[in-house]
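Undergrad: Give the three-dimensional model of this entry:
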Amino acid sequence: MRFGAAVLRSYERPFEVEEVVLREGPADDEILVEIAGCGMCRTDLAVRRSAGRSPLPAVLGHEGAGIVVRTGGPDSALSVGDHVVLSFDSCGHCRNCRAAAPAYCDSFASLNLFGGRQQDPPRFTDGAGGALAPRWFGQSSFAEYALVPARNAVRVDPALPVELLGPLGCGFLTGAGAVLNVFGIGPGDTLAVYGAGAVGLASVMAATAAGAFTVAVDRHPERLALAERFGAIPLSAASAGLPDRIRRLTDGGAQYALDTTASAALINDALRALRPTGRLGLVARLHTALPLEPGTLDRGRGISHICEGDAVPGLLIPRLTGLWQAGRFPFDQLIRTYPLADINEAERDCEAGRVVKPVLIPHRRNR
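TA: This next block holds a predicted model:
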């Protein structure tokens with residue numbers, strides 16, 4: 001099977017939309033999905049900065065959504081014509097997967113970060129037969145089609161705009177899951193969000209839907225305006241005495257904080273702005289040692305990393321689409337769509353902060 005995909009051939013070069021080849025159809029537990037739209041996540045773009053650790057050439061993309069066009073058999077539990085959102089891969093049988101914590105799967109790194117499943121590499125090549133890296137996050141959905149483990153796919157209502165739903169599989173899932181799953185935020189709780197990008201704004205929307213009082217911190221006025229629209233009190237990251245201001249706004253300190261920036265200065269500010277026993281969650285990967293200032297972890301304050309919002313995608317994604325249908329999680333207001341052919345423009349806009357969440361819409365030759 002031949003179809004179009006955006007291939008990254010070197011860390012410095014732009015994406016190239018070209019023909020790729022899938023040499024075998026779905027296995028028993030797999031499905032073939034016609035991609036209606038795929039979000040661009042900063043994890044995709046971080047491959048450029050991976051210092052050679054990520055094999056190239058590769059097809060990236062891990063926020064895909066579309067329509068099932070082929071199944072490998074009854075083990076997939078899905079049918080041709082189903083609308084699905086694709087999320088991260090997991091093994092399904094390790095201790096954490098069995099404990100409903102697939103984001104902490106023992107095989108998460110190998111299944112999602114180019115390790116792939118053993119059968120992947122020979123099945124996926126470029127148009128000339130050259131090897132491509134194994135599936136990215138079990139998807140490689142910067143493409144017209146994606147062959148994915150059925151475990152990755154969540155069936156959704158076909159009345160929903162499937163081309164916009166892909167970011168619910170990662171970025172929006174992470175922000176909302178941190179609020180709803182990890183913190184368990186409810187009416188009257190207080191949250192401070194550091195970084196008003198896709199993950200941060202999803203957490204703001206989820207906190208507002210849950211009835212919490214939320215403060216959002218960012219350095220970009222336009223991002224702060226979005227956070228205010230979604231119910232947060234906006235504060236500039238450059239504000240003098242930021243922890244004191246947040247403590248005053250939250251009557252003695254926030255109960256919860258979420259950092260999406262990986263900035264050591266903001267992480268220390270976030271800890272200082274917590275009330276006793278408050279909790280800070282980190283979602284961005286730290287690439288250097290994190291210096292914590294004296295006193296920041298006093299009085300029961302805690303800090304931990306959160307992966308994929310601690311989500312079981314099959315449970316959280318329907319919850320988020322339900323909130324969207326009720327007008328309480330307006331994630332579509334963060335999205336700008338681009339043809340797949342304009343993937344390099346989408347990347348430039350994302351890196352420059354001109355768009356919160358780009359979504360790529362494949363152009364299919366038969367339409």
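
Undergrad: Report all helices and strands that the lowest-mean-pLDDT helix or strand in the chain contacts.
TA: Here the helix or strand of the chain ranked lowest by mean pLDDT, DSSP states H and E is strand 124-126, holding a mean of 89. Contact analysis of strand 124-126 by 3 or more CB pairs under 8 Å, 6 or more residues apart in numbering; DSSP states H and E lists strand 16-22 as its packing neighbours. All C-beta atoms are positioned from the backbone trio N, CA, C, and that covers glycine.

Undergrad: would you list every one of the helices in the stretch 251-367 of the chain?
TA: Assigned helices in the stretch 251-367 of the chain, in chain order: 264-272, 313-325, 343-352 (criterion: DSSP state H, counting those that start in this stretch).

Undergrad: Run through the strands of the stretch 1-150 of the chain in chain order.
TA: 2-8, 16-22, 30-39, 58-59, 64-71, 83-86, 124-126, 145-149 (DSSP state E, counting those that start in this stretch).

Undergrad: do the stretch 151-300 of the chain as well
TA: 153-156, 190-194, 213-218, 233-236, 254-259, 274-282.

Undergrad: And those: which comes nearest Asp349?
TA: Nearest to Asp349 among the strands of the stretch 151-300 of the chain is strand 213-218; the distance by CB to CB comes to 17.5 Å.

Undergrad: which stretch among the strands of the stretch 1-150 of the chain comes nearest Asp298?
TA: Using CB to CB, those put strand 30-39 closest to Asp298, at 39.3 Å.

Undergrad: shouldn't Pro187 be in contact with Ala210?
TA: Yes. Look at Pro187 against Ala210 with CB atoms under 8 Å: they come within range, at 7.1 Å.

Undergrad: Give the residue from these two that has the larger number of neighbours.
TA: Using other CB atoms under 10 Å, the more surrounded residue of Pro187 and Ala210 is Ala210, with 21 against 8.

Undergrad: In this structure the more buried one contacts Ile185, no?
TA: Yes. The criterion here is CB under 8 Å, and Ala210 meets it with Ile185 at 4.9 Å.

Undergrad: Quick check: neighbours shared by these two?
TA: Common neighbours of Ala210 and Ile185 (criterion: CB atoms under 8 Å, 6 or more residues apart in numbering): Val179.

Undergrad: count of neighbours near Ile233?
TA: Ile233: 17 neighbours (other CB under 10 Å).

Undergrad: do you know how far the residue nearest to it when sequence neighbours are not counted is from Leu78?
TA: With sequence-adjacent residues excluded and distances taken as CB to CB, 6 or more residues apart in numbering, Ile233 is closest to Val215, at 4.8 Å. Distance of Val215 to Leu78, given as CB to CB, to the nearest Å: 41 Å.

Undergrad: Repeat that for His287.
TA: Relative to Leu78, and taking CB to CB, His287 is found at 38 Å.

Undergrad: Looking at those two, which has the bigger crowd around it?
TA: Legend: neighbour count by other CB under 10 Å for His287 and Leu78, higher for Leu78 (19 against 8).

Undergrad: Roughly how far does the more buried one sit from Val156?
TA: On the measure of CB to CB, Leu78 and Val156 end up 11 Å apart.

Undergrad: Mutual contacts of those two, please.
TA: Val84.

Undergrad: For Thr296, find the nearest of the strands of the stretch 1-150 of the chain.
TA: strand 30-39 (33.8 Å).
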